[in-house]
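heads up, no residue letters with this:
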């Protein structure tokens with residue numbers, strides 16, 4: 001089973017890129033983030049024509065997450081992150097596909113910091129930590145895939161001082177990600193590429209894509225049971241170079257189920 005995550009940065013604006021990537025790589029499951037579309041604007045007809053069923057939670061102009069399944073309809077289990085009933089931002093969706101529980105998540109960016117956006121980021125990650133702990137306790141095969149908006153380690157960002165004050169690299173943000181790993185979740189990309197430089201995001205500004213000035217923001221975490229079945233993992237870097245591309249490239253894993 002091939003499971004991928006892709007921050008599409010506007011599903012309708014980048015629909016041609018999304019469909020081309022689906023046709024070329026044929027993931028069994030694709031987790032999408034930053035739909036930037038209301039529920040009624042989600043391009044379901046085009047997705048179905050490409051051979052995918054879908055569940056999604058949209059939001060006009062911002063956020064939005066989805067899970068696509070090839071030749072199947074994902075079974076929705078949750079469309080929001082528990083822990084704050086007042087949080088109206090569309091950042092989490094969860095579904096069962098092929099015997100695996102899959103979550104697509106889009107964590108808050110947190111900038112500027114300090115301030116309310118950074119505070120919200122840390123609260124959101126704490127809610128994710130608590131929910132992830134509950135999922136881990138079930139013993140089910142679980143995938144937590146998406147844009148975590150965290151650069152876990154210094155090696156996950158190109159050599160620069162320009163991000164020193166950015167929420168993505170702060171000790172508190174990195175600690176939140178580390179807490180998930182401490183629960184037993186496995187960072188699939190690092191498991192398969194322990195020493196390699198891997199990036200999944202290149203800002204549109206300052207010529208960062210041609211310079212390969214990237215960051216690793218998109219992660220696929222696996223429950224312990226599922227990690228034993230991990231065969232491959234990678235990043236479809238070339239997608240970032242397509243015309244009208246997202247500023248993210250898809251990351252993916254292959255597991256035996």
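Noted; the coordinates are in hand. Just so it is clear, the model here is predicted, and its values are computed rather than measured. Numbering: from 1, shown residues only.

pLDDT on stretch 66-85, on average?
Averaged over stretch 66-85, pLDDT sits at 98.

what comes up buried for it?
66-70, 74, 80-81 (16 or more other C-beta atoms under 10 Å). Just so you know, the C-beta spots here come from the backbone N, C-alpha and C atoms, and that holds for glycine as well.

as JSON lines, the residues you listed with secondary structure and distance to residue 168 would be great.
Formatted as JSON lines, the buried residues of stretch 66-85 follow (DSSP: H, G, I helix; E, B strand; the rest coil; distance: C-beta to C-beta, whole Å):
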{"residue": "66", "secondary structure": "strand", "distance to residue 168": "23"}
{"residue": "67", "secondary structure": "strand", "distance to residue 168": "24"}
{"residue": "68", "secondary structure": "strand", "distance to residue 168": "26"}
{"residue": "69", "secondary structure": "strand", "distance to residue 168": "30"}
{"residue": "70", "secondary structure": "strand", "distance to residue 168": "32"}
{"residue": "74", "secondary structure": "coil", "distance to residue 168": "29"}
{"residue": "80", "secondary structure": "coil", "distance to residue 168": "23"}
{"residue": "81", "secondary structure": "coil", "distance to residue 168": "19"}
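
who does the lengthiest helix in the chain touch, helix- and strand-wise?
Ranked by residue count under DSSP state H, the longest helix found in the chain is helix 116-138. On a contact count with 3 or more C-beta pairs under 8 Å, 6 or more residues apart in numbering; DSSP states H and E, helix 116-138 meets strand 142-147, helix 171-183.
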